[in-house]
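sequence and computational prediction follow.
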Amino acid sequence: MEILICQSCGLPFGKKSMGTNRDKTKNDEYCIGCFDKGEFTDHSLTMHKLEVKLVEMAEVHNEITLEEAQEVIKELPYLKRWHMSIM
Ligand SMILES: [Zn+2]
């Protein structure tokens, strides 16, 4: 299975979890949790909010390890969605 990295939340996702474009085609840059029908599901999302969410995923929900969370957080500024906002 091909693993893609979401350019918004930084988490890996598979083909089944691809975001969707307005014309219902698949978007391989973003996961469905971030990008649905051609737009971001959460317009108020910021890089800081994502950092908090990732740490919560690790510490509260045990979905990922804290090391994984920190790895993703380090990569966030380089992702497509956030890259532009810091320039
Ligand atoms: Zn995502």
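Sure, I can see it. Residues are numbered from 1 along each chain as shown.

quick one: strands adjacent to the strand ranked longest in the chain?
Identified as the longest strand of the chain according to DSSP state E is strand 26-31. When pairing is defined by DSSP bridges, strand 26-31 lines up against strand 18-20 (antiparallel).

mind checking if the partner strand is in reach of the ion?
No - on the criterion Cβ under 5 Å from the ion, strand 18-20 is out of touch with the ion, staying 7.4 Å away. Where C-beta positions appear, they are placed from N, C-alpha and C, glycine not excepted.

enumerate every residue touching the closest residue to residue 68 other than its chain neighbours.
Closest residue to residue 68 apart from its sequence neighbours, by Cβ to Cβ, 6 or more residues apart in numbering: residue 58 at 6.9 Å. By Cβ atoms under 8 Å, 6 or more residues apart in numbering, residue 58 lies in contact with 64, 65, 66, 68, 69.

hang on, residue 58 in a helix?
Yes - checked against DSSP: H, G, I helix; E, B strand; the rest coil, residue 58 lies within a helix.

ok, residue 29 to residue 69 distance?
21 Å (Cβ to Cβ, to the nearest Å).
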